[in-house]
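Trainee: fold the following and give me the result.
(chains A and B)
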Amino acid sequence: MDKIYLDNAATTKVIPEVKSKICEVLEDNFANPSSLHKLGIESEKIIKSARKNIAEALKVKPNNIIFTGSGTIANNIAIQGAVKRLNKFGKRIITSEIEHKSVLEMFKFLEKEGYEVIYLPVNKKGIIDLNKLKDAVNEETILVSIMAVNNEIGSLQPLKKISQLIKKYDNLYFHVDGVQALGKVNIDLTDLGINLYTVSSHKVNGPKGIGALYINESTLIDKILYGSSQEKGFYPGTENTSGIAGFGEAVQHLPKKEVIEDITKLKNDLKKKLQDEISDVIINTPDNDKAAPHILNVSFADIKGEVLVHSLENDGIYISTGSACTSKKDAISHVIKALHIPKKYMEGSIRISFSPYNTKKGVVYTFKSLKKHVKNLRKIMG
Amino acid sequence: MSNLYLIRYGEIGLKGENRNMFEDKLMSNIKKAVEWEDEGLNIYKTPGRIFLETSADKNIVKERLLKIPGLVSFSPVKKLPLDYERLKEETLSSAKEFMKGKGKITFRISARRSNKKFAYDSMELQYNLGEYVLESIGEDKLEVDLHQPDLDISVEIRKKHAYLYSETYEGMGGLPVGTTGNVGLMLSGGIDSPVAGYMGLKRGVKLIPIYFHSFPFTSDRAKEKVIDLAEVLAQYQNEINLHVVNFTEVLKEINNKCPDKLITIIMRRLMIKISEKIIEKQNGKAIITGESIGQVASQTLEAIHVTNHIPNLPILRPLLGLNKVQIVNLAKEIETYDISIQPYEDCCTVFVPQSPETRPTIEQVLEGEADLHIDDLIDEAIANVEVINIQPYS
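Mentor: Model prediction:
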């Protein structure tokens, strides 16, 4: 059997259309987009066209998109830039316990710098507590940063309700990390009153090393990087033209509604089989209306997630633990911890994440492999 | 342009009849290490000295020579005809070279004459050359200091040539790799075992590192880490054959059949048993481990006693006298520390018992192993060892 790649929330494979676009640009449009000559102008046009594509995908104006080197960098530019601009109005900033490290670590840093940081807890389904938000937000609050879709368990955050709760505050920006939402969930940036929104290319079959930040017209943020005037000066440095073009191409191929339905069905079928045929399983991903279609997070009692990942790898199946285990004491991800599941399930969480290129056959094979290994490992470790 | 290096060695000189063998080994080790950069190098010996002539980059040569066990020190050197006038000029230009950009410095000339036919003896050389340099450069910029000079210019008058040098670099010392024999090294991804291997290398052993891999319970990244460590050790012995034992099945069986609290100790005993068989096949004479008494549960004196019951080969524990801080410092010095502290090894401590036995007895362990019938598994593990040949500078 061919390899079965079910780690699409970590990154995705570049599709052929993107690959040819990148090669074409590398070959023909090597000139610096800032150069005054004709070749420079042609490179600039490539970027302009990609910017238009991203804007269309997000249903915003091209002028409000800047390209960055990654989702992480976009989050940094947004959060640091916003607090630098607004800190004369207050020092309170709000995020959730289950954000991506690129947001969470930034908030921890700001906390050390003297900001008053509120980390909103989540319920068992990994959805933030709106009452806590209501209590926390006040006139002193300058930033609320909440992800659209959690990268480990796929939970959708109630952006609409958050937006309603915070819109009456004038000096408050709403930042949303939309890296896992792009191409999977419809988010209306204008309707939600989002000031800053982050997306990334490599999660949607584009190249790595490219992200983008939407900055709403009436949103002013300070610069955190210094250099020339590329990307309105927010992300200076010679543009990664081929990467930008690749991203621009990738968003032209985002999955259609029917494909999203297919992915959802693959996920539901696997979820049902896991619940029916394996004992002591907790599904950490919420039900369909509260979760993105492509992520399924499951915990098995008395199993170590990483050992399961390696066992499946032997069968040619590539999945992931909740998040990369970076050291012994961090073996349990901060997201799984925030869900407060029973202790014996904590270490046994895995994430299976789908793409339009997965098949029913592959998922059935994955289930069989999972069932076999969970049984064997429980025998060994139990 | 090629440069000449004068290489000194110490302990080898003491080895009597074996002296030739030791010198030849040292020369061949140096040759292999520098040949990666310059295939046309020339290396030869004169009584008590080795000379290396190579066009390789000076900094790279220095780096390589400092990692050759058995090499006590070396100096980049100028080889001159036995011509006193020429010697004077070269001595002066060495001094000028050193003084570039510096203020007033102190200096001395150290001369040795083994060729008694040369017109001046060593005292005269020191005096005359020193005086010439001092007068030429001027006493406002230069002062003689016989005890701790900034610049020490050495002149050696030998049978056919004179040699001039002013820089000396301290090497590792010890014995050339390959002169004492093959020795197994139980190499984990931790901090200690690579350092233990380094200590062995200093005493001239050729290492056969053995790593126990237990995929899927440890990640392949742990294996990559061990390969990186072996690559560092390979720099001292030019190439290394890392032996990777697939230990998973043995581990599962131990876990299945043995009492929980003895798992670590029994696992260690079997690792030693497998290592011994691998090493014996390669004519190895001992096993080196990174143990030091009392660090962890498997290293109490009782635990060491119980593991020692397994092999016929001696187990060498070169870190025995060191404490953790000293081991860490050594690991930093040989640049294995940053590799060792990568987290992968600890990710899956699946088989670590809740409360390991820290005072095992041999009777207790034998009883714990009674249900274990795994000779087949051990033979299979040995038959399927993966040997990874690592060449450091390729």
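Trainee: contacts, neighbours, all on C-alpha from now
Mentor: Fine.
Trainee: how about the strands in the stretch 1-150 of chain B?
Mentor: B:3-9, B:42-46, B:49-54, B:71-80, B:105-113, B:142-144 (DSSP state E, counting those that start in this stretch).
Trainee: same list, those, but as JSON lines with mean pLDDT, mean neighbour count and distance to chain A please.
Mentor: Output for the strands of the stretch 1-150 of chain B, formatted as JSON lines (pLDDT from 0 to 100; neighbours: other CA atoms under 10 Å in any protein chain shown; distance: least, CA to the nearest CA, whole Å):
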{"stretch": "strand B:3-9", "mean pLDDT": "94", "mean neighbour count": "20", "distance to chain A": "44"}
{"stretch": "strand B:42-46", "mean pLDDT": "92", "mean neighbour count": "13", "distance to chain A": "47"}
{"stretch": "strand B:49-54", "mean pLDDT": "94", "mean neighbour count": "19", "distance to chain A": "42"}
{"stretch": "strand B:71-80", "mean pLDDT": "95", "mean neighbour count": "20", "distance to chain A": "40"}
{"stretch": "strand B:105-113", "mean pLDDT": "94", "mean neighbour count": "20", "distance to chain A": "46"}
{"stretch": "strand B:142-144", "mean pLDDT": "92", "mean neighbour count": "17", "distance to chain A": "50"}
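Trainee: quick one: these as JSON lines, columns for distance to B:Leu251 too.
Mentor: JSON lines is the format used below for the strands of the stretch 1-150 of chain B (distance: least, CA to CA, whole Å):
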{"stretch": "strand B:3-9", "distance to B:Leu251": "46"}
{"stretch": "strand B:42-46", "distance to B:Leu251": "50"}
{"stretch": "strand B:49-54", "distance to B:Leu251": "50"}
{"stretch": "strand B:71-80", "distance to B:Leu251": "43"}
{"stretch": "strand B:105-113", "distance to B:Leu251": "63"}
{"stretch": "strand B:142-144", "distance to B:Leu251": "69"}
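Trainee: was I right about A:Val322 contacting A:Lys337?
Mentor: Not quite, residue A:322 is Gly, not Val. No - the pair A:Gly322 / A:Lys337 is not scored as a contact, 10.7 Å apart, by CA atoms under 8 Å.
Trainee: between the two, tell me which one has more neighbours.
Mentor: A:Gly322 (26 against 15; other CA atoms under 10 Å in any protein chain shown).
Trainee: that one and B:Ile288, how far apart?
Mentor: 39 Å (CA to CA, to the nearest Å).
Trainee: looking at the stretch 151-300 of chain B, which residue is nearest chain A?
Mentor: Chain A sits closest to B:Pro216 of the stretch 151-300 of chain B, with a gap of 4.8 Å, by CA to the nearest CA.
Trainee: tell me the contacts of that residue?
Mentor: Contacts of B:Pro216 were listed using CA atoms under 8 Å, 6 or more residues apart in numbering or on different chains, and they are A:Val307, A:Leu308, A:His310, A:Ser311, B:Thr248.
Trainee: please save the CA atoms from stretch A:57-64 in CSV.
Mentor: This file holds the C-alpha atoms of stretch A:57-64, laid out as CSV (Å, rounded to 0.1, in the frame of the first residue of the first chain):
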residue,chain,number,x,y,z
ALA,A,57,-10.3,33.8,-0.9
LEU,A,58,-10.8,35.9,2.2
LYS,A,59,-13.4,38.2,0.6
VAL,A,60,-11.4,41.3,1.4
LYS,A,61,-9.5,44.0,-0.6
PRO,A,62,-6.0,43.2,-1.9
ASN,A,63,-4.8,46.4,-0.3
ASN,A,64,-5.4,44.9,3.1
